[in-house]
Every structure is written in structure tokens, then in C-alpha cells.
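*Asks:* One predicted model, sequence on top.
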Amino acid sequence: MRTSTVRQTAMNIPMEPIGSVPRPPELIDLLNRQSQGEAVGPELERAYQAALADTMARFEATGSPVLADGEQFKASFATYPLVGLTNLAPDGVVIPFSDGHTRQLPRLTSGPFRYGCVCGAFVSAARQLTDKPLKQAVIAPSALSLLYPAQGVDGYPRERFLEDLINEAERDIRSCFDAGAQTVQMDFTEGRLAVKLDPGKGLLREFVRINNLLLSRFEETLRLKIGVHTCPGGDRDATHSADVDYAELLPDLFEMHAGRFFMQLASEPDKDRVLEIVRKHRKPDQVVFVGVIDPIDPQIESPELVRDRVLQAARYIPLDRLGITDDCGFSPFGDDLSTARDVAFAKIRARVQGVHLAEQVLSASR
């Protein structure tokens with residue numbers, strides 16, 4: 001009798017972090033002292049380098065197959081391009097959070113608009129510390145479009161501002177790839193917020209249009225390496241738009257011409273409902289990374305809970321189009337002290353371990 005041997009192929013589900021991790025208290029203290037007028041130049045530079053080195057080492061120790069710099073050099077995930085600019089006023093759009101605190105964007109006062117820095121330098125610094133694949137988060141141009149005031153800017157029409165904005169956003173992303181990033185993620189936390197601000201979805205669709213103007217600049221090989229991250233905000237253990245139904249965002253989200261989507265899901269009360277919407281609206285070539293870790297929950301998820309969340313997502317998303325991530329960055333704003341570094345890395349480690357448990361289950365069932 002002829003027998004056959006079935007070779008079990010190992011399952012490999014891609015996983016990536018979102019980006020930020022809490023800055024060390026020493027770095028935050030120096031930044032606070034600098035903001036109060038104290039000269040801390042050389043000491044601050046040493047603290048930045050120490051924070052980056054510690055972040056990269058601890059990321060690698062979690063077993064994460066893709067590393068990130070934790071945005072240690074950014075005061076904010078949203079406003080890093082504005083460092084050093086002089087054509088801004090402080091009284092821009094105000095973003096309220098569920099606990100009552102707010103964040104405020106500046107307002108553009110004159111043109112032209114240029115970035116004060118691009119993220120390629122951050123990738124280069126991280127590349128010196130590891131040979132592992134690197135990911136870099138950048139801000140989506142849709143978020144920075146909010147800098148342009150409703151009343152306009154004398155001598156600088158909005159369409160010219162948007163052209164400059166797209167040029168600068170393209171320069172930002174290309175600098176990351178040129179410096180050795182494997183993937184680049186556009187932070188689009190304003191997507192769900194847009195529905196809250198404009199339930200008619202005109203603002204959301206304008207945001208999608210702006211981001212597609214940028215994505216259309218990239219050849220397909222790079223576009224497939226560019227992802228879009230959506231979440232309801234995560235700052236000081238509060239959100240700005242978790243009360244907005246995901247069903248109001250997702251159909252338009254998947255109209256963006258990105259290759260990857262990073263979705264907050266762990267903190268959603270009805271995950272099956274959201275995953276069904278994803279199944280209905282995801283384009284065939286789009287890879288969806290679902291969040292299995294809630295950064296603003298102080299409880300560290302168990303690997304078994306992560307495993308179950310991965311298996312749940314695998315019932316709705318084809319395995320060759322499924323990835324795993326965290327819901328959001330752990331400290332998108334540099335002054336956020338609500339989560340300890342130890343907790344953030346413990347959660348990342350639990351994600352890695354839980355995904356490996358899910359891979360074992362899925363491999364056994366093939």
C-alpha cells in the first residue's frame with residue numbers, strides 16, 4: 001500500500017508595531033526643563049541617544065520581527081514636521097478628548113509651507129543600532145491640512161498649500177525608504193474624528209482625496225509598503241472619537257490606495273461586527289493588520305488572549321492578507337506619562353508570543 005507524507009508548512013503571520021513607546025522619564029524631564037528656558041543642549045542630545053538605544057534593544061528583546069524607533073525624537077507624532085517653522089500661530093484646530101483634556105494644532109499664517117524635518121534622519125539613527133527590518137511612522141497629509149485656516153491665507157490659496165503639502169509629505173516618506181525603512185505607516189487618526197466633526201462625511205472624503213493625491217506619487221512596489229493607521233486617538237488614557245461607529249469610517253477608509261491598513265480593534269466592544277465590515281469592504285490586494293493590544297488599558301494582555309483575537313480575525317480575513325499590530329502607539333505625544341515603558345514592552349512581548357501561539361493552531365489545522 002502506498003503511503004503519503006503530509007508536510008506541515010509553518011504559518012507566518014506578519015506583525016508590526018504602530019510606532020511610539022513612552023519616553024524615559026529622564027528625557028521628559030530634560031524636555032520640560034528646556035521648555036522653561038533652561039539650556040540643556042548636550043545633556044538633551046545624550047538623553048535622546050540613550051533613549052533610542054534602549055528602545056531598540058528592548059524592542060528587539062520582545063522578539064518583534066519588525067522594529068521601530070519608538071518616535072523618541074518626536075515631541076508629537078502629528079507635529080514633528082513643524083519644528084523650527086516661523087509661519088505658524090498657536091491658535092489652530094482644537095481636538096477634545098473624552099476625559100476633557102485637549103490638544104491644539106497651530107495655524108498657518110503665511111506660505112509657502114515646508115517641513116522643518118523629515119523622518120529619514122530617524123530611520124538612519126535607528127539603522128545604526130540594528131540590522132532588523134525597520135518601520136517608520138509619518139503623519140498623513142490629511143492631518144496637516146488642518147493647519148490651513150478656514151478664512152484662508154493672504155496670497156496663498158488652499159490649492160497651492162495642498163500642492164506644497166503633498167510635495168513635502170512625499171519627501172518625508174521617500175526619505176524613510178532611502179534611509180532603509182522596510183515599511184512606512186501614515187498616521188490617520190483624524191479619519192474617525194472627521195466623521196465626528198462632519199457626520200455628512202464631506203471632511204472624511206476630502207481627507208481620503210488628499211491622501212490619495214500623495215499615494216498616487218509612488219510606484220506600486222513602494223505603495224504596497226505604505227500603510228494607513230486608523231484609531232480613535234489615544235492620549236493620556238483617553239480617546240477623541242471612540243464613540244464614532246466604525247461602520248461610518250471603514251467603507252471610505254478602504255478607498256485609500258495604500259497596500260496596508262493598521263486598524264485599532266482590541267478595544268472595540270463588538271469585534272465580529274467590525275471584522276464583518278472589513279470583510280465586506282477590503283479590496284483584494286489590501287493587507288489588514290488588526291490590533292490585538294489595547295495601549296491605554298493598564299492590564300497586560302496574556303498571550304492566550306492575543307492568540308484568540310488573532311484566530312477571531314482569521315475567520316474574516318484571508319491569512320495571506322492578515323497582519324497583527326497594536327491598536328495605537330503607546331505615547332503618540334511625547335509628554336504622555338500615562339503608560340510606563342515596562343508596561344508597553346510587556347504588551348508588545350505578549351503580542352509576539354500570542355501571534356506565535358495562533359500560528360501553531362493555524363498550522364495544525366491546515
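*Replies:* Nice, I can see it.

*Asks:* nearest residue to residue 362 other than its sequence neighbours?
*Replies:* In space, and not counting its chain neighbours, residue 362 is closest to residue 11: 4.7 Å by C-beta to C-beta, 6 or more residues apart in numbering. C-beta coordinates here come from the backbone N, C-alpha and C atoms, glycine included.

*Asks:* pLDDT at that neighbour, what is it?
*Replies:* Among the per-residue scores, residue 11 holds a pLDDT of 82.

*Asks:* part of a strand, is it?
*Replies:* No: per DSSP: H, G, I helix; E, B strand; the rest coil, residue 11 lies outside any strand segment and is coil.

*Asks:* For it, grab the count of nearby residues.
*Replies:* 18 (other C-beta atoms under 10 Å).

*Asks:* Same question for residue 337.
*Replies:* Look at residue 337: counted by other C-beta under 10 Å, it has 12 neighbours.

*Asks:* OK, contacts around it?
*Replies:* Contacts for residue 337 were tallied using C-beta atoms under 8 Å, 6 or more residues apart in numbering; they are 22, 25, 28.

*Asks:* Over to residue 350?
*Replies:* Contacts for residue 350 were tallied using C-beta under 8 Å, 6+ apart; they are 293, 300-303, 306.

*Asks:* One more: residue 57?
*Replies:* Counting by C-beta under 8 Å, 6+ apart, residue 57 makes contact with residue 129.

*Asks:* wait, which of the contacts of residue 337 is closest to residue 67?
*Replies:* residue 22 (16.3 Å; C-beta to C-beta).

*Asks:* From residue 147, how far out is the closest residue to the closest one other than its chain neighbours?
*Replies:* Spatial nearest neighbour of residue 22, chain neighbours left out: residue 331 (4.4 Å); criterion: C-beta to C-beta, 6+ apart. Per C-beta to C-beta, to the nearest Å, residue 331 is found 23 Å from residue 147.

*Asks:* For the two, work out which one has more neighbours and name it.
*Replies:* Between residue 331 and residue 147, counted using other C-beta under 10 Å, residue 331 has the larger neighbour count: 27 against 24.

*Asks:* So the more buried one sits against residue 24, correct?
*Replies:* No: under the criterion of C-beta atoms under 8 Å, residue 331 makes no contact with residue 24, lying 11.0 Å away.

*Asks:* Residue 186 bridge partners, please.
*Replies:* residue 138, residue 228 (DSSP bridges).

*Asks:* What are the contacting residues of the helix or strand hosting residue 290?
*Replies:* Using DSSP states H and E, residue 290 sits within strand 287-291. For strand 287-291, the external contacting residues (C-beta under 8 Å, 6+ apart) are 14-16, 227, 231, 259-267, 275, 278, 282, 309-310, 313, 317, 321-328.

*Asks:* That strand pairs with which strands?
*Replies:* Partner strands and pairing direction for strand 287-291 (DSSP bridges) are strand 260-263 (parallel), strand 322-325 (parallel).

*Asks:* still on that earlier bit, can you name the residues that contact the residue nearest to residue 362?
*Replies:* 319, 359-360, 362-363, 366 are the contacts of residue 11 under C-beta under 8 Å, 6+ apart.
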